[in-house]
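**Student:** Below are the sequence and a predicted model for it; my questions follow.
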Amino acid sequence: MSQERARRRDRQVYLRSHPVLFALLAATRGRVAVRIGGTVIAHSRQAYVDALTRIPLDRTAEGTTGAAAGRLTGGGLLFDQDGDDHRGTRRGLAESLGADGVQRLRPVWTELLDRRLAPLADGRPIDLVDVAAELSGATAAALLGVSCDPRELAAAARAAATAGAREHLPGLPFPGRRRAARLAAERLDDLLAAGAQTRGGSSRDALTAAGDETPGGSSRDALTAAGAGSSRDGLAAMLAVAAINTTVAGLPRAVAWCADADLWGYAATHPEALTSELLRVTAPTPLLPRVAAAAGTVDGHPVRAGDRLILIARHAVEAHRRNPFPAEPADPRTAQLVFGAGPHACPGARLARLQLTDTLTALAPYRPVVRAARPDRHSALPGWRTLIVSATPQPRRGRTA
């Protein structure tokens, strides 16, 4: 087992899903930023931060996360908002996903991990992708206050993301792609609406219901505020898609790297650093597609209004150069960039970090090894379709006379 083996395996999720894009990024990563026609690819840490904090961004431009989210949700939700609306929505989400909110959700995934990892103790293998799907679906359902089968919710959210993923990338449009994305979004909306009604409310009560069982209703108030001025149905769909897809893509990749490099010992001695380093090298959302709304510069390179920006998170955090070393982790300010920066930082970072830390801590006693791994060629984010792991056999103790 070695870091190089871990890196070779992880590279497969890029080579099998987006080989042309990966080749382009690899060919240009030696430069701070590079212009190809009307597209600026930002590789350096400073260029990445400048683009997210100093360049005004067009949140509704085609090919951006905002445009895709707007079609999924009907518009007016976080990614395509500006000014006070954007800040208000982010504030509400930050409160619901803050320390108290995450701790209220924590029993959902810790109890699930106890159940789903139990076969390892009996020498039976498990599929970490299936575990991540159920974990993320259960957590999203609890956050949104809907009664849904976790795997069904995860499947619907992943399908919605996959159907719209290609619109994030440069290239020729394919007939039927927009319709497929719309149908997938409708299926997710229908599932969330039915889940909300099962709890005795309407689909617009899904977010409000998330706080019904919490003292003081703080989670309810925060999520209700997050949906003020916009469709709560759409907000629920957006949160489900974001939370589920990043977890299903990122968690198994982190576990595979940890297993191949045999980093399990750090789960006991440096758990937070292990999580931070694994998130840094796997960068679950490896690039951010944006469009500049005004002219500016990124790390000294000019950007024009209307330029497409491809911000390479994995290069900004040096995932391609520096292996994870929890005993001497990267600067937290650099590692945090996998979740964005400034007003474009992901409000779910705390939740993602704690989920991964708890998963690694629960797995560590078994010191799992990867038995089989199959990349997902169609997922919205680079990830595994299946990742089969089993516990390292424990040496038998010799008999004493």
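**Tutor:** Nice, thanks for sending it over.
**Student:** Now for the one residue sitting closest to the centre of the chain: which residues touch it?
**Tutor:** Nearest to the geometric centre of the chain sits Thr246, at 2.1 Å (CA atoms, centre = their mean). Contacts of Thr246 were listed using CB atoms under 8 Å, 6 or more residues apart in numbering, and they are 284-285, 348, 352, 381. In this view, the C-beta of every residue, glycine as well, is placed from N, C-alpha and C.
**Student:** any idea how far it lies from Pro382?
**Tutor:** According to CB to CB, to the nearest Å, Thr246 and Pro382 sit 11 Å apart.
**Student:** Ile312 now?
**Tutor:** Taking CB to CB, one finds Ile312 at 13 Å from Pro382.
**Student:** what residues do the two have in common as contacts?
**Tutor:** With CB under 8 Å, 6+ apart as the test, Ile312 and Pro382 both reach Pro286.
**Student:** neighbour-wise, which of the two wins?
**Tutor:** Using other CB atoms under 10 Å as the criterion, Ile312 and Pro382 rank with Pro382 on top: 27 against 23.
**Student:** quick one, phi psi at Gly30?
**Tutor:** Note on Gly30: backbone dihedrals following degrees, to the nearest 10 are phi -70, psi -10.
**Student:** burial of it, as a residue count?
**Tutor:** If you count neighbours by other CB under 10 Å, Gly30 ends up with 9.
**Student:** residue boundaries of the helices in the stretch 101-250 of the chain?
**Tutor:** Here the stretch 101-250 of the chain has its helices, by DSSP state H, counting those that start in this stretch, at 128-144, 150-165, 177-198, 206-209, 218-226, 232-260.
**Student:** Distance from the chain centre to the next helix or strand after the longest one, please.
**Tutor:** Spelled out, it's helix 232-260. As assigned by DSSP states H and E, the chain's next helix or strand after helix 232-260 is helix 266-269. Here the centre of helix 266-269 is set off from its chain's centre by 23 Å, with CA atoms, centre = their mean, to the nearest Å.
**Student:** model confidence over helix 266-269, on average?
**Tutor:** Averaged across helix 266-269, pLDDT comes to 97.
**Student:** Quick check: which helices or strands does it pack against?
**Tutor:** helix 271-282, helix 349-363 (3 or more CB pairs under 8 Å, 6 or more residues apart in numbering; DSSP states H and E).
**Student:** can you tell which of those is closest to Pro329?
**Tutor:** When the helices and strands packed on helix 266-269 are compared by CB to CB, helix 271-282 sits nearest Pro329, at 4.4 Å.
**Student:** packing partners for that closest one?
**Tutor:** Judged by 3+ CB pairs under 8 Å, 6+ apart, helix 271-282 is in contact with helix 3-17, helix 232-260, helix 266-269, helix 332-335, helix 349-363.
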